[in-house]
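S.K.: What follows is a predicted protein model with its sequence.
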Amino acid sequence: MPSLSRRHVIRLLSGGSTLALGGPALAQAVGLQDMATAAVPLPEATIYVAREIITMDPGQPRATAVAVVGDRIAAVGSVEELQAMAGDQPFRVDRTFADKVMIAGFVEQHVHPVLAGLTMPSVVISIEPWDTVTGFSDQVRDEAGYQARLKEALAAHDRAQVFVTWGYHHYFHGPMSRAMLDELAPDFPAVVWHRSCHEFFLNSAVMAKFGIDETFLASFTPSEAGQSNLETGHFFEQGALKLLERLAPAVATPERLRQGLAFTVDYYHRNGITICCEPGGFFSRPLQQAINAVYSADATPFNHYFIGDGKTFAAVERDDPAAMIAMAESVLDWGEGRTRYLPGQVKFLADGAIYSQLMMMKDGYTDGHEGAWIMDPEVFAYAFQSFWDAGYHIHVHNNGDLGMDMLLDNLDTAMRRKPRFDHRMTIVHFGFAETEQVNRAAALGAIVSANPYYVTALAGRYAEVGIGPERAARMVPLADAKAAGMRMSFHSDMPMAPAKPLQLVWSAVTRTTAEGGVSGPDQRVDLDTALKAITIDAAHSIRLENELGSITPGKLANFTILEQSPYDVAPEELAGIAVWGTVLEGRVQPVPDPSTRASLRPQPLPPGALPHRRFAEGAHDHGQGEACDACGALRQRLSAAVVAALA
């Protein structure tokens, strides 16, 4: 008897006389004559008709109808072809999308639920416009404008609560300090959370309230203390992570997190997203349970995948590769329902945040400041090589060209030691890279997951401060990656950029800056490449391309429904295309009326979702019970601090 995979079977059926996942046509094709003569009830197929279907399948790029059986795509073509193909199988023709444009469901390759859930309920005063929990917040990109907005927000604040604002950026909004905040808010606690999410500024009242003083500072490691300043109230990178042991109750409460996560459900849906992924989230089962409490229900309009945080695994199991791999595998059952962990994938971090200009650059910075490593090179090498040998698909946050050298040296070493085919080592963010580095990455088999919004938000200003015009014009060099033959996906890294796939496409195709100019026009990519980057190539970057990313028989019926075709509008209009809704695994999901946003009202987390007290005391959840300080797992301390605030 011939052996056919399910994918082969479905492809066969889509070209035969039936649309069903079974039946006489299949039986005859594989030689099961007894089955062929048996009565097999056929499920009803739904044939969706659209003005245009952009399949993202090179074998059939365009169509006007798609047949769906259950949660799967059965066939693609014209309505007449699909009706004829159905034969005696029951079917119905659905013309809901007859005047719409259907495209493969958008895949948002990189978002951060906890960070998005905590920033969006705060007072957002940022360098770009945001839809927030409390409504629309327009952009402000100058010092005077920021100060005016901050003063207005402080004046309106309930002084019984801690004031938290997110979005401040020193290169746009000018200096910030404890003294400045004391003057603006002398009698209630105030926190300014940097746009990068890697820095905090505090006033004296909040420091007094949460015991952020010399005694607390004495518990910092030298690296943490070096990135902390009590006098100025400034804490960044490792200092910011340590700070959250005390500050987390101000920025993380069950109500805020639940409200913020509920907001993102609505936000992602409105922007056409059917699949989300968080590479390298917090290593904390209670935090995962809090996310699951909002995202895992069947009614959630997308599936959300997670990839383990390699930085924490390496910090905890510094001397035992087998234990480190086991720790990574311990998270695989943490998802529920529509939240799931991806096996065999891990995320590391090389250099610092691009929004803080802490990426590691070969030629340094024009104002003389220095970048920072998030994982020290020797720790990075240990973790990279260990997970490589275990066969993992490795994703690496990297922004600077010096960081790129470190990353590629590790990949080169791994390929020389133990060559692997189709390893898909993924360069995440892709902030700065020289052409020679891009070519080397391609030759080594790497792929790219880029944030093209960096160009929009930062290139104009960074050409003037810190980076300079020549390097700023090469920010996110997508054309080089395409020329080198690299597959690329796009992501927002929400809240590092709005989770709006069509805006990412617009940024990549136009490279328009917030100032209105074009930065590095030679690094623009074509629309075909950009649309692949939010569909099939995004699915490829997380190894889900056999299930998602194109409207192809056998794959899940995930579609994004648009009011206009991206091919019918001018490039500068791409970000403004309206989303009608989505289809998730065959379920039609129109975008709700904007006036009805009940899901955004704060609700308590369900019983069992709140973290238990063991985490508030700073213990790990990897079965060994060491205190956080004993292993120095910085990211674990952050998750423990947030968990403690939620307890």
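M.R.: Happy to help now that I have it.

S.K.: From residue 110, how far off is residue 453?
M.R.: Distance, residue 453 to residue 110, by Cβ to Cβ, to the nearest Å: 12 Å. Glycine gets a C-beta too; all of them are placed from N, C-alpha and C.

S.K.: more neighbours, the two?
M.R.: residue 110 (31 against 23; other Cβ atoms under 10 Å).

S.K.: just for the protein, where's the confidence low?
M.R.: 1-39, 594-647 (pLDDT under 70).

S.K.: Domain map for it?
M.R.: 6-99, 113-253 (automatic domain parsing).

S.K.: and the longest one, how far apart are its ends?
M.R.: Just to be clear, that refers to domain 113-253. With Cα to Cα, to the nearest Å as the measure, domain 113-253 spans 14 Å from end to end.

S.K.: will you turn the domains of the chain into TSV that also has distance to residue 264 and mean neighbour count?
M.R.: Shown next, in TSV, are the domains of the chain (distance: least, Cβ to Cβ, whole Å; neighbours: other Cβ atoms under 10 Å):
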stretch	distance to residue 264	mean neighbour count
domain 6-99	24	18
domain 113-253	5	19
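
S.K.: possible to save those domains as CSV with distance to residue 332?
M.R.: Formatted as CSV, the domains of the chain follow (distance: least, Cβ to Cβ, whole Å):
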stretch, distance to residue 332
domain 6-99, 23
domain 113-253, 18
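
S.K.: Out of those domains, which is closest to residue 536?
M.R.: domain 6-99 (4.7 Å; Cβ to Cβ).

S.K.: related to what we said a few turns ago, what sits in contact with each of residue 453 and residue 110?
M.R.: Common neighbours of residue 453 and residue 110 (criterion: Cβ atoms under 8 Å, 6 or more residues apart in numbering): residue 492.

S.K.: Nearest to residue 377, out of the domains of the chain?
M.R.: Closest approach to residue 377 among these is made by domain 113-253 (14.4 Å; Cβ to Cβ).

S.K.: from the chain's centre, how far out does that closest one sit?
M.R.: Distance, stretch centre to chain centre, for domain 113-253: 23 Å (Cα atoms, centre = their mean, to the nearest Å).

S.K.: One more: stretch 406-415?
M.R.: The answer for stretch 406-415 is 25 Å, by Cα atoms, centre = their mean.

S.K.: Walking through the stretch 201-350 of the chain, point out its strands one by one.
M.R.: Per DSSP state E, counting those that start in this stretch, the stretch 201-350 of the chain carries strands over the ranges 228-229, 234-236, 273-279, 303-309, 339-349.

S.K.: Make a markdown table out of those strands and add distance to residue 475.
M.R.: Below are the strands of the stretch 201-350 of the chain laid out as a markdown table (distance: least, Cβ to Cβ, whole Å):
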| stretch | distance to residue 475 |
| --- | --- |
| strand 228-229 | 29 |
| strand 234-236 | 22 |
| strand 273-279 | 21 |
| strand 303-309 | 25 |
| strand 339-349 | 19 |
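
S.K.: do you know which of those strands lies nearest residue 117?
M.R.: strand 273-279 (11.4 Å).

S.K.: What strands line up against that closest one, and which way round?
M.R.: strand 106-108 (parallel), strand 303-309 (parallel) (DSSP bridges).

S.K.: Tell me what the residue nearest to residue 533 when sequence neighbours are not counted is bridged to.
M.R.: Nearest residue to residue 533, sequence neighbours excluded (Cβ to Cβ, 6 or more residues apart in numbering): residue 490, at 4.2 Å. Counting by DSSP bridges, residue 490 is bridged to residue 450.

S.K.: Residue 490 reaches residue 451, doesn't it?
M.R.: Yes: checked against Cβ atoms under 8 Å, the pair residue 490 and residue 451 is within contact range at 7.2 Å.

S.K.: When those two are compared, which one has more neighbours?
M.R.: Between residue 490 and residue 451, counting by other Cβ under 10 Å, residue 490 is the more crowded of the two (36 against 27).

S.K.: May I have stretch 322-331 exported as CSV, CA atoms only?
M.R.: Output of stretch 322-331 as CSV, limited to C-alpha atoms (Å, rounded to 0.1, in the frame of the first residue of the first chain):
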residue,chain,number,x,y,z
ALA,A,322,22.5,19.0,29.8
ALA,A,323,20.7,20.7,32.7
MET,A,324,20.4,23.9,30.6
ILE,A,325,18.7,22.0,27.8
ALA,A,326,16.5,20.2,30.3
MET,A,327,15.4,23.6,31.7
ALA,A,328,14.5,24.8,28.2
GLU,A,329,12.4,21.7,27.7
SER,A,330,10.6,22.1,31.0
VAL,A,331,8.5,25.0,29.6
